[in-house]
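J.: sharing a sequence plus its predicted fold:
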Amino acid sequence: MAKTEILLLNEEEMVKCGVIDFAHCVDVLEEMFSLISKGDYVMGGSKHNSHGIAVRFPKESPFPNMPLDGPDRRFLAMPGYLGGRFNMAGVKWYGSNIKNPERGLPRSILTMTLNNPETGEPVAFMSANLLSAARTGSVPGVGARHLANPDAEVIACIGAGPISRSCFQGIHPVAKNLKKLVVYDLFKEKSEAFCEWAKSEFGIEAEAADSLEEAVKQADIVSVAASSVKPVQLQNDWLKAGSVLIMTGRCYVDEEYFSSARIVFDNQLEHDEAYDEQLLLPEEERWINGIGMQVYRMAYEGKLPAIIDQPGLGDVVNGLEIRKSHDDRVCFITTGMPTEDIAWGVEMYNKAKELGLGTIFPLWPEEPLYK
C-alpha cells in the first residue's frame, strides 16, 4: 500500500517559499478568480458556496472551563476545493480571541491543510497566518488591477492594522501610477506608524489624515479594512468620480451611492448564501454582521433592484466590461473565500517541494493499521 506522507511547513519555511510575495500572490489569485467565474470550485454549505462554519461560544455557561462569547471570539473552518491546475481540496482553520495580543500572540492563529481531492489524504499542513494575510491583501490587488482607473494616483487606507497594510501591499504592485497614500485610523499614532512604514518600504508619499472625510475625498482608490466593532460610515459625496471603493472590512455608505455605483462581488453566490443565513435570524439581528449586507438589505427593502446575477470579479478577469466611462464609480465587495487559501497554499506547497523545504511526517509507518 502506498505511504501517506504530509509535508509540514512552519512560518519561516513559508517565508522562504515566498508567502509574502504580494505581486505573485495577486497573479495567482487572478487565476483563481477566473476559475471561480467558470464554476471550477466547490465550497462548504448546502449550496456549495459557504465562507465557512464558525463555532461561537455562549454568552453564559454553567461549565467553568467553557470560553464565553466576546469580540472576535470563535473558531472557524473554511473548507473547499479548487480546480484547474491547482486541483486540490483543503481547509483553513483558525481560532481567534481579541485578548490574544495581551498574551503575546496574534489575535487569530491559523493553519492550512491541503488534501488530495480523490483520496482525501492530507498532503500538506502549514502555518497560515502569513498565507492568509497575503491572500486577503492580494484580493484587493486583483480588484484594483481590473476595477480601478489606470491613472489612479491616490489611495486611502481606512484602518491601520495588519490587514489594511496587507491590502496596501496587494494594491501597490498593480496600481502603477500611485503617488500618494493617505491613512485614517481612529488612533492617529497608528496611522502615522503605517505612513512611516509605507514611506520606508515603498518610497511613497504618505500622510495620516485627521478625519475619515479628509482621507476619502482625496482618493482614487479607497481600501476599507478596519477591524473596529462598528462599520466604517462613508458619505456618498466623499467618493470621487471614477473612484473604486474596496470593502475588505465592514463598511456602510449613504444609500444614494448604490443608485449609481457599479457593484462587483468577489463571488456573488457566496454572498447569496450569507444572505439566506441572515433571513433566518430574528428581524432585529439581521444585517448587523457581514461585509456587503447593506446592499442585500436595500434590495430586501425594495430600495435596489433584486440582487440577481451581479458581476463577480472573476467575470471581469475573464473579460466582462464594468466601466462605461472614466467617471464611473465602482464598489468591490469581498469577504474572502477558502479557495483563495487553497490557491496560495498549493503555490507554497509546490515551491516547498521544489526547494526541498519542510518536514515529512508519515501518517503511518508502512500501511494503515485500520482499514
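T.: Looks like it arrived, so ask away.
J.: do you know how far Asp72 is from Ser96?
T.: 5 Å (Cβ to Cβ, to the nearest Å). Every residue, glycine included, has its C-beta placed from N, CA and C.
J.: scratch that, Ile288
T.: Counting by Cβ to Cβ, the gap from Ile288 to Ser96 is 18 Å.
J.: neighbour count winner among the two?
T.: Ser96 (18 against 11; other Cβ atoms under 10 Å).
J.: now do that one against Glu301, distance only.
T.: With Cβ to Cβ as the criterion, Ser96 and Glu301 are 32 Å apart.
J.: how about Lys99?
T.: The gap separating Lys99 from Glu301 is 37 Å, by Cβ to Cβ.
J.: dump the residue contacts of Glu30.
T.: Residues in contact with Glu30, defined by Cβ atoms under 8 Å, 6 or more residues apart in numbering, are 142, 145, 317.
J.: the second one contacts Lys176, doesn't it?
T.: It stands for Arg145. No - Arg145 is beyond contact range of Lys176, at 9.7 Å (criterion: Cβ atoms under 8 Å).
J.: these two: which is more packed in?
T.: In this comparison of Arg145 against Lys176, neighbours counted by other Cβ under 10 Å, the higher total goes to Arg145 at 21 against 10.
J.: quick check, the more buried one in a strand?
T.: No - assessed by DSSP: H, G, I helix; E, B strand; the rest coil, Arg145 does not belong to a strand; its assignment is helix.
J.: give me the low-pLDDT residue ranges for the stretch 151-300 of the chain?
T.: Scanning the stretch 151-300 of the chain for pLDDT under 70 picks out the ranges 228-229.
J.: switch the cut-off to 90
T.: Applying pLDDT under 90 to the stretch 151-300 of the chain flags residues 226-232, 249-250, 255, 258-260, 268-300.
J.: what's the helix or strand that contains Ser138 packed up against?
T.: Taking DSSP states H and E as the definition, Ser138 sits inside helix 129-147. Contact analysis of helix 129-147 by 3 or more Cβ pairs under 8 Å, 6 or more residues apart in numbering; DSSP states H and E lists helix 11-17, helix 22-38, strand 108-115, helix 162-171, strand 244-247, helix 313-317, strand 330-333, helix 338-355 as its packing neighbours.
J.: mind checking how far whatever helix or strand comes next after that helix is from the chain centre?
T.: The first helix or strand that comes after helix 129-147 along the chain, using DSSP H and E, is strand 154-158. The chain centroid and the centroid of strand 154-158 are separated by 17 Å under Cα atoms, centre = their mean, to the nearest Å.
J.: partners of strand 154-158 in the sheet?
T.: Within its sheet, strand 154-158 is paired with strand 180-184 (parallel), strand 221-224 (parallel), according to DSSP bridges.
J.: buried stuff in the first one?
T.: Right, strand 180-184. 181-184 (16 or more other Cβ atoms under 10 Å).
J.: picking up where we left off before, would you list the contacts of Glu30 in TSV and tack on pLDDT and distance to Ala23?
T.: Shown next, in TSV, are the contacts of Glu30 (pLDDT from 0 to 100; distance: Cβ to Cβ, whole Å):
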residue	pLDDT	distance to Ala23
Val142	98	11
Arg145	98	11
Val317	97	16
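J.: would you turn the strands paired with strand 154-158 into a markdown table with distance to Ser191?
T.: Listed next are these as a markdown table, based on distance: least, Cβ to Cβ, whole Å:
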| stretch | distance to Ser191 |
| --- | --- |
| strand 180-184 | 4 |
| strand 221-224 | 13 |
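J.: to Glu354, which of the ones you listed lies closest?
T.: strand 221-224 (32.8 Å; Cβ to Cβ).
J.: toward the C-terminus, what is the element adjacent to the closest one?
T.: Following strand 221-224 in sequence, per DSSP H and E, is strand 232-234.
J.: packing partners of that next one?
T.: helix 212-218, strand 221-224, strand 251-253.
J.: please identify the deepest-packed of the ones you listed.
T.: Ranked by average neighbour count under the criterion mean count of other Cβ atoms under 10 Å, the helices and strands packed on strand 232-234 are headed by strand 221-224 at a mean of 28.
J.: pull the residues that contact that one.
T.: By Cβ under 8 Å, 6+ apart, strand 221-224 touches 140, 144, 148, 152, 154-159, 164, 167-168, 171, 175, 178, 216, 232, 234, 239, 243-249, 251.
J.: now with 6 Å, please.
T.: 140, 144, 148, 152, 155-158, 167, 216, 232, 244-247, 249, 251 (Cβ atoms under 6 Å, 6 or more residues apart in numbering).
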